[in-house]
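> Build me a structure from this.
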Amino acid sequence: MRVDERVEELRRWLAVARDGLSPEAVHEVRVTGRRVRAFLMLGGHHVLVDDLRWLVGSLGRLRDLDVALELPVAAPGPFQAWLVAERSAEAEEAARLLARPRVEALVMALGRVPRVSKRRAHRALARLDANLIEAQETAWRDVTIDRLHELRKAVRRTRYALEWLGEDESALQRTQALVGEACDLKLLERLLLEFGHPAAARCVERALEVVVPALAAMR
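Numbers count the residues shown, from 1 in each chain. Next up, the predicted model:
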């Protein structure tokens with residue numbers, strides 16, 4: 001397996017993001033970065049994993065604001081205006097970050113990562129599967145939003161690893177989407193608190209108290 005095409009994809013989305021930081025570009029940089037990181041984990045190339053985590057994480061708040069702006073609660077009004085203003089400020093910071101030499105150096109280094117044998121990748125996949133099973137058992141034994149968040153990350157890592165190996169990951173994709181609904185509610189609660197609307201945040205919290213246990217029955 002080689003990573004070349006994904007690295008070029010990351011380079012293209014970074015160029016789009018630098019030009020305008022559209023919601024699509026921000027999302028695709030993060031998704032492609034995570035897919036490349038999965039390749040590094042399959043090959044045991046740990047040197048650049050932290051750098052990719054930095055890149056993906058640096059765009060996290062910007063993506064959170066984009067997600068919130070897509071929710072029905074972000075209809076025209078004070079909360080939407082606040083989200084838009086926060087996004088504008090965050091986008092400026094992200095544009096400065098993406099222009100840093102570290103980002104271009106990272107992409108260049110990723111282009112030199114050696115190929116990974118399928119034998120080695122399958123050994124790494126077995127470890128990811130074990131971590132996923134542990135995360136699932138922990139989350140479904142006592143469902144909390146924090147445990148669902150950890151499950152979401154474990155699902156995503158295993159799903160992208162399966163993609164690299166050309167194996168079916170549709171079941172994990174469904175699980176990721178299901179858990180993501182609850183995580184988006186938690187994100188909304190946090191942003192409402194930051195906005196200064198605790199009453200609305202409590203309403204979301206009460207919704208989570210219903211949604212989170214229901215997920216265990218739907219798994």
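> Grab the CA positions of the lowest-mean-pLDDT helix or strand in the chain and hand them over as CSV.
Lowest mean confidence among the helices and strands of the chain (mean pLDDT, DSSP states H and E): helix 198-218, at a mean of 84. Output of helix 198-218 as CSV, limited to C-alpha atoms (Å, rounded to 0.1, in the frame of the first residue of the first chain):
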residue,chain,number,x,y,z
PRO,A,198,-27.4,28.4,30.1
ALA,A,199,-31.1,27.9,29.9
ALA,A,200,-30.9,26.7,26.3
ALA,A,201,-27.8,24.6,27.2
ARG,A,202,-29.8,22.9,30.0
CYS,A,203,-32.5,22.0,27.4
VAL,A,204,-29.8,20.3,25.3
GLU,A,205,-28.4,18.5,28.4
ARG,A,206,-31.9,17.1,29.1
ALA,A,207,-32.2,15.9,25.5
LEU,A,208,-28.8,14.2,25.9
GLU,A,209,-30.1,12.4,29.0
VAL,A,210,-32.7,10.8,26.7
VAL,A,211,-30.6,10.3,23.6
VAL,A,212,-27.5,8.8,25.2
PRO,A,213,-29.2,5.8,26.9
ALA,A,214,-31.3,5.2,23.8
LEU,A,215,-28.2,4.7,21.8
ALA,A,216,-27.4,1.5,23.8
ALA,A,217,-30.7,0.0,22.6
MET,A,218,-30.0,1.0,19.0
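> in stretch 93-111, what's buried?
94, 97, 98, 103, 106, 107, 110 (16 or more other CB atoms under 10 Å). For the C-beta atoms, the positions are set from N, CA and C on the backbone; glycine is no exception.
> taking the residues you listed one by one, which sit in helices?
94, 97, 98, 103, 106, 107, 110 (DSSP state H).
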